[in-house]
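J.: Task: produce atomic coordinates for the following.
(2 chains)
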Amino acid sequence: MRNMRNYLPNFLMIFLLLFALESSAQVKTNGVITDSESGELLIGATVLEKGSTTNGTITDVEGKFELSVPSGDAVLLVSYAGYRSTEVNTGTNLTITLEFDVDVLEEVVVVGYGTQRRSDLTGSVSGVKSKELQQSQTTDVFSAMQGRMAGVQVTTDSGQPGAGMSISVRGQNSISGISTPLFVIDGVQIDVGFDEVASTGSSQATINPLTSINPADIESIEVLKDASATAIFGSRGANGVIIVTTKSGANGRSSLDYSYNLTTSEVIKKMPVLSAQDYIVYQEQRGNNEFLNNGTSGERRNFDEIESFDYQEDALRTGITHQHQLSLTGSGGKSYFAAGIGVLKQEGIVVNNDFDQYNMRLRVNNKPNEKMNLRFNINGSYSALNGIANNGGPNSFTGVTQQLLLGNPWDIRSEDVDPFLNEFVSPLDLIQNSEKTTTMLRVFANVGGDYKISDDLTFTTFMGSNLSNSKAKEFYNSSTPWGLFNNGEARVAEVNTYSFNHSSQLQYNKLIGANHDLKVMGAYEITQFNWEQFRNVIQNFEDQSTGVNDISRGTTAAEYTTARRKNKRLSYFTRLNYTLLDRYLFTATFRADGTDRVASGSQWGFFPSVALAWRVSDEAFMARIKPINNLKLRVSYGVTGNEAIPPYVFLPQLGPAFYSSNDQLIFGLAPTVKGNDALTWETTRQFNAGVDIGLIEGRVNMAVDYYKKITTDLLLNTPIPAQNGFQSQFQNIGRIDNEGIEFQISTVNIDKNNFRWKTDFNVTFNRNEVVDLGDAQFIPVTTFGGWQTDIARVIVGEQVGTMFGYKYEGVYQIDDFTWQNNSDSNVAHGDRTYVLKDEPAEYPAGNPIPGAMKYADTDGNGVIDDDDRQVIGQSNPLHTGGLNNTFSYKNFDVSVFFQWVYGNDIYNAGKLRLNGNRLWTNISQDFFEGHWTPENPSNEFPAYGRVDQNIPSSYFVEDGSFLRLRTVTFGYRIPKSVTDKLGIGGVRVSVIGNNLLTWTNYSGWDPEVNYRDPLITGLDRIAYPRARSYTFSLNVTL
Amino acid sequence: MKSSIKNILVVLLILVGFSCSDYLEPEPFSFTSPENFYQTADDAEIALAGVYNTLTARNIQGFGNLSYYGRNMMEIMNGGTDECAIRSNLTDNRPAPWGNASFTSQNPELNQAWFFAYAGISRANFLLDNLSGIPDSDFNETRKAEIEGEARLLRGFFHMMLSMMHGAIPVYTQSNGDPNQARQPVQDVYAQVIEDFEFAYVNLQNRGPSLSSANKWTAAGFLMKVHTYLASMKQNGLSDFGYAPNSFQWVDVNTSYMEAVNISGDIVSNSGYVLINNYDYLFRESTKQAQSEELMFGADASSDATINVITMVINCFIPQGNGITVGGGSGWYRPFAELYNSYNANDFRRDHNVSGNLGSNPAALNAIEIDGVRYYQPNTIPGPDAFNMSVGKYRLKDPAQKSTPPWASGMSIPLLRYADILLLRAEALFFTGDEPGARALLSEVRERSVIAPAIVGDLNDAYRNTDFVEELLAERSRELCFENWRRIDLARFNKYDEKINALDPAVGAHNDVAAVLQQNWRSEKVWFPIPLQQIDLNSNLAQNSGY
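T.: Numbering: from 1, shown residues only, chains lettered A, B, ... in the order given. You can find the predicted model right below:
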């Protein structure tokens, strides 16, 4: 490496330079340093006399510097974080321009409890920088990560504003409910729990608990993937660690940045369901006389006088989103700071559904003296999701989103219809006559500091706290299906959390001789998490005018609960980094974690890791091989844990179970949790081997990683035989392996004549296998709600997310049967008594008739029975990835970003509904046109009423692969000559399109499906559709 | 510098010391730990209420939805018999598979009912396992033995119902039993059931501490029910369909019927239970006191506004009509014409059990008031061809007078009543050679239902059948229809195939579904399947034939 000191964190540089200023000077040199692209002044850039480690300075607020050097022959070394360093000859009134750095080796990455040069990493770490995140200008930061990092899969639950999402790092290595990575935001570890979002129980809460972070405030996101990087987080590291660092103002620039986004969104596609007129034809075909005829007179309804709807037309809209972000960074004296405010007003694509968010933050650093460095950071946010559209969701079919497709389009509610049959559920009614708001307020803050005890020894201490409050409020008045039978229903819920963590560490850094660089860290950490919930459902409102805002008007308290829990953790950990000859890197970590989440005998767990890296390119023999400027080999092995289970589940528990006598309630208690006194955390052992290669002066950078993860003692709320009185029990069972290859490459294809073309590509292959499940060969997976609840299994030898059921083999045809009078064709179809030819094959729901669904007799015993079920689909993709091309020419830039998922299946449970399993719902156009009739002997679609609702089968399984043109950005920076005249720093305008095109064979609304059960993520029950959006973005720097 | 290191180390040590050992002790807040419970007599009573809760629980451990007698069991046990079926165009609704016999081993309601019954058994066993540890002195008089008796009675009831539905089943008498236990032959099941009922028969009082408590006569009644069940299963020769553990060949018919005669004699002489004058008061929300004079065991519910303990009969078992204005129901289940036609016009039970609908307009309906509680009277129907013919057995009060939502009811679902005891006694007397005594009991049951000026002799004449078993079965249906016993009666008299095939799809307003029922029906379906989810979890469970 050219100069060892280049990569030190900026503040250390400043620290060093303070000494430099004291040295004597003979020749003065001065100048100004600017950005080569924008001409911006670079404040705080470092100017160092080449060959000296002490003689240097930094540029002032006008980008100017002045330095004394021993002679006019001296060469200046100019560097600035994020820019390529350059050497210039001394002189006066120099104008030095720095180019944006493509050499990623020098950047500093944040790792657990510290920072490292990327070139010093021994572990596998992926990252994105703010520049990439800003390209797509999404309203939340994690959807901007989608497809951009190898080994990291981000999927949003639905297209709803603020929707929750799941992030998985290197596949599914846990089968317990929670496999979210650990988030560390500016040093505060955040336990992301969806139960932090209040839910009234009526539907799944879908605010993403991490919306608190404003994308514009992010400096970088690092994802720690292998055990060398994550083992320092011990019992919480197994799912990977995502480290978010916000902008700090450390570069010393004072600036005010304002950005404004105006976005329009609309549904990607309209689902083809029957028009109101076709729906009448359909109901005639099915003979639904209750629909066709008036309930009182028995005569055919006059449909000319009944209102009809096209719900998608009426309830979907073009949503307008405004987003303002203002951020300020600056420095003065011994302090620097960053502050920001963000406001988001987002309209969903369903009427009356909107999402508001406010963010604010402040980050202050202070160096009162050379020994101390103090930090304070506070981040607050408030989000509010409004509108009933977020009801229903993955667990229910009666929500607005589902009813947009399924609702009977004719308004026949004035007739005597049965509300239990959902004969007429208008999503528009639900939208207009209900209210639902979910809010989330979160503040997290930390205070910390370093104290340099000696040149070698630093003490760091840190205290962080995280407070959140979430409320959910709902009201359904009597004119809605949900309020009707309860004479108005109000639901309120509130969740509060408060937690703190504290850690103190000692860091010893020593360069022994020239060849031994030793860094040792030892620390302990203590954390506590508290959670409290309140929930109330009130019904029977004589006066519904005040809705949920005065529940005292309701007289029936249908539900009233409170719950509280607390979790504690205590940890001791250490890390050793040793670098020999500046090219042999060794890292070892060890952590001991104690937690109260598992049984007392197994409270302490130990998590070691070791890693080796060899910077081959620094060997002398590599000097001749010019094209290779970086070659590093890495191997690591380590142990991490996962304790992400609900608290107390290892303890047997009793809960209320009332009975009554003579109308009076009698209080009772009954066992609710079986308990498991052997419960411990699950353990993941991970091996990683990787190579980093840099070619052609850093214009090509790539990394390839192979990993194998073995997770044992899997935590699972295991279904157990109900005959023992319990439905399930948390157990440690079996083993899951994940094996994969990640490949990531960045190239600068062209970089001349003001034109620059850069390509980023990543692909991840992950293969997951359930190796062992203890005594069992499989565990059934039950998804609650819906008609088909047993569609998946965890099976030894298969992947997690495997769908299980009957293999659909088409439709029974008339030729398969005999009937009266030697199958006399003169007997009308409706009068025939059909008998299946050959052996009358037993059939799960009864005796088959023409038009019924036919299943494979897998074991060939002539009977379709329980044993004929088989693997029918797989939730996990074979590979996923992204391709981004960025072109820039002078002040213009264009980026085109594709993302894909390939080889996964989706269990399209919505198809059951859209195939008319319930008489009153609307159906899909293709079922309407293709369903079996004697005249249309389809082998694809069964006859009406013959789509078996209780029998999971491959009929519902579809290929979920897709390729998506996720983002296209076209940007323009107003020339500096213009902005200078206006006296502002810079102006950039851009137009961004998101989700522009999708190539897929999936017939549902959107192939990007994420069912919130890790055992069957590929289940689609008609989720809120994703939007295609266009954003106009304005960024002004003062 | 050295001193500062020392200072830091001291601070570190203090922090570490502060956070040691006790720090990781879990702190429970929102639940009760068993180790702090089952300590006192009060705890035992609370645990006992928890066992009873199973009967009408909304859910258990968050699983199920009124999955036992709160709702689903009634749909499971009454649908698909010759009494009623799902309305023909409602093949897509929750009770449809039960209402037209298209159920499969994967049906979720069946799995839930299985779980609820076993949860009830487990709750009883937890109480029984811990009861002995509570000092005798803590209890009033014989209350400790009574609690044991009630818990064992409930355990016996859950085992009995499981077995009457599925045949051979795993039996549990301890809370920590082997979860992977295989099915035990019906002989073993009933040995345990009888032992539990006999213990309760000996140890319980005439009446329990509350109206809904099981008592000595509940135990006697169920004991008698078991004996008649065993005798009839053997006598009528229902096939075990190739699965030997479901065989009743071991039963001694005469001994069982004699036991039934003896026990029912004790009940008739000593229990104090009677046939109440108003048959309909057995099936109304607000007539619990009257009901309790005949009702020996029920699944209780309350009209408490918290809807903590409710039953839900609105979908299938009350006259069809608007639930919000007149307390009507969905009418998903409809009676077969054969049931209507089995009644004489002078029998009060006909128009009560098979009624017209309620419509939606209160002003257009008659109403009766019972102790200030208003019930709208369903429309009368001319015959079984009336499209508005409904299951009329259960009746909800005027929703305007309810503190619970219209869909919920505070009704206690009858599970064992004195009329049933009399009919079972008639059966036992007949098969032990006393036909006149048996016929006298049929007459006794009919007596209260005669509409004057007709007299009971008119009904006896109308209903007389030289085949006593046919007459008895018909009388059981007339008296006990929609009370969860028809399915079991058809099975134990081996009449299921015959009665289903005899249904005429061409008569009556709702008989069209008979064709579907006949197509779906198979002889093996007299036994419900073992829920597939349970076989998947416990490979020791064998499936019944035909699934």
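
J.: Return the helix or strand harbouring A:V978 as PDB; C-alpha atoms alone will do.
T.: Counting by DSSP states H and E, the element that carries A:V978 is helix A:976-982. Output of helix A:976-982 as PDB, limited to C-alpha atoms (Å, rounded to 0.1, in the frame of the first residue of the first chain):
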ATOM      1  CA  LYS A 976     -21.400  25.300 -11.100                       C
ATOM      2  CA  SER A 977     -21.200  28.500 -13.100                       C
ATOM      3  CA  VAL A 978     -24.900  28.900 -12.700                       C
ATOM      4  CA  THR A 979     -25.100  28.000  -9.100                       C
ATOM      5  CA  ASP A 980     -22.200  30.100  -8.200                       C
ATOM      6  CA  LYS A 981     -24.000  33.100  -9.600                       C
ATOM      7  CA  LEU A 982     -27.000  32.200  -7.400                       C
END
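
J.: now that helix: how far from the chain's centre is it?
T.: 41 Å (C-alpha atoms, centre = their mean, to the nearest Å).

J.: in that helix, what counts as buried?
T.: A:976, A:979 (16 or more other C-beta atoms under 10 Å in any protein chain shown). C-beta coordinates here come from the backbone N, C-alpha and C atoms, glycine included.

J.: Report the distance from stretch B:208-221 to the chain centre.
T.: The answer for stretch B:208-221 is 15 Å, by C-alpha atoms, centre = their mean.

J.: what's the straight distance from one end of that stretch to the other?
T.: 15 Å (C-alpha to C-alpha, to the nearest Å).

J.: Please apply the same query to stretch B:516-531.
T.: Stretch B:516-531: ends 23 Å apart by C-alpha to C-alpha.

J.: can you check stretch B:452-461 too?
T.: Per C-alpha to C-alpha, the first residue of stretch B:452-461 is 16 Å away from its last.

J.: What's the mean pLDDT across it?
T.: The average of the pLDDT scores along stretch B:452-461 is 95.

J.: so which strand or helix has A:E284?
T.: helix A:276-286.

J.: all helices of chain A, in order?
T.: Taking DSSP state H as the test, the helices found in chain A are A:10-20, A:130-136, A:141-145, A:227-230, A:276-286, A:289-292, A:311-315, A:400-406, A:427-433, A:481-484, A:820-823, A:910-914, A:925-930, A:976-982.

J.: Rebuild the ones you listed as TSV, extending it with mean pLDDT.
T.: Putting the helices of chain A into TSV (pLDDT from 0 to 100) gives the following:
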stretch	mean pLDDT
helix A:10-20	41
helix A:130-136	69
helix A:141-145	72
helix A:227-230	79
helix A:276-286	92
helix A:289-292	82
helix A:311-315	90
helix A:400-406	84
helix A:427-433	82
helix A:481-484	76
helix A:820-823	84
helix A:910-914	89
helix A:925-930	93
helix A:976-982	82
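
J.: which of those helices sits most buried?
T.: Counting by mean count of other C-beta atoms under 10 Å in any protein chain shown, helix A:227-230 has the highest mean neighbour count of the helices of chain A, with a mean of 32.

J.: Show the subsequent helix or strand relative to the lowest-mean-pLDDT helix or strand in chain B.
T.: When the helices and strands of chain B are compared on mean pLDDT, DSSP states H and E, helix B:2-18 comes out lowest with a mean of 56. Remark: after helix B:2-18, the chain's next helix or strand is helix B:41-53, criterion DSSP H and E.

J.: Give me the buried positions along that next one.
T.: Neighbour-count burial for helix B:41-53 [16+ other C-beta under 10 Å]: B:41, B:43-53.

J.: cool, stretch B:74-84 as well?
T.: Using 16+ other C-beta under 10 Å as the test for burial, stretch B:74-84 gives B:74-84.

J.: same thing with stretch A:558-571?
T.: A:558-559, A:565-571.

J.: Give me the contacts around that stretch.
T.: Residues outside stretch A:558-571 that contact it (C-beta atoms under 8 Å, 6 or more residues apart in numbering or on different chains) are A:201, A:234-235, A:486, A:489, A:524-539, A:591-597, A:647-648, B:19-20, B:23-24, B:27, B:29-30, B:306-307, B:405.

J.: so of the residues you listed, which ones are in strands?
T.: A:489, A:524-539, A:591-595 (DSSP state E).

J.: Look through chain A and state the residue closest to chain B.
T.: Going by C-beta to the nearest C-beta, chain B is nearest to A:G725 of chain A, at 2.2 Å.

J.: And that residue, what's its pLDDT?
T.: 95.

J.: mean confidence score for stretch B:212-229?
T.: Rounded mean pLDDT across stretch B:212-229 is 97.

J.: again, but for stretch A:60-70
T.: 81.

J.: how about that stretch: buried residues?
T.: Buried-residue list, stretch A:60-70, by 16+ other C-beta under 10 Å: A:63, A:65, A:67-69.

J.: Let's see the distance spanning it from one end to the other.
T.: 22 Å.

J.: shaky segments in the stretch 151-300 of chain B?
T.: For the stretch 151-300 of chain B, no stretch has pLDDT under 70.

J.: Can you add distance to chain B and give the buried residues of stretch A:60-70 back as a markdown table?
T.: Converted to a markdown table, the buried residues of stretch A:60-70 look like this (distance: C-beta to the nearest C-beta, whole Å):
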| residue | distance to chain B |
| --- | --- |
| A:G63 | 39 |
| A:F65 | 34 |
| A:L67 | 33 |
| A:S68 | 33 |
| A:V69 | 35 |
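
J.: Same list (those residues) but as a markdown table, adding distance to A:I733.
T.: Below are the buried residues of stretch A:60-70 laid out as a markdown table (distance: C-beta to C-beta, whole Å):
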| residue | distance to A:I733 |
| --- | --- |
| A:G63 | 62 |
| A:F65 | 64 |
| A:L67 | 66 |
| A:S68 | 71 |
| A:V69 | 69 |
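
J.: rewinding a little: which one of the buried residues of helix B:41-53 is nearest A:A493?
T.: Distance to A:A493, by C-beta to C-beta, is smallest for B:N53 among the buried residues of helix B:41-53, at 24.7 Å.

J.: re the thing from before, now go through the buried residues of stretch B:74-84 and say which are in helices.
T.: Filtering the buried residues of stretch B:74-84 for helices - DSSP H - leaves B:74-78.

J.: coming back round to it: report the separation between the residue of chain A closest to chain B and B:N254.
T.: 37 Å (C-beta to C-beta, to the nearest Å).

J.: More neighbours: which of those two?
T.: A:G725 (29 against 13; other C-beta atoms under 10 Å in any protein chain shown).

J.: hang on, isn't that one packed against B:A124?
T.: No: contact between A:G725 and B:A124 fails when scored by C-beta atoms under 8 Å: they sit 9.4 Å apart.

J.: how about B:Q289, phi and psi?
T.: phi -60, psi -50 (degrees, to the nearest 10).

J.: B:N494 too?
T.: phi 50, psi 40.

J.: what sits against residue 312?
T.: Using chain A here. A:267, A:270-271, A:273, A:404-405.

J.: meant chain B, my bad for not saying
T.: B:66, B:70-71, B:407-409.

J.: so what's it scoring on pLDDT?
T.: With respect to pLDDT, B:M312 has a value of 95.
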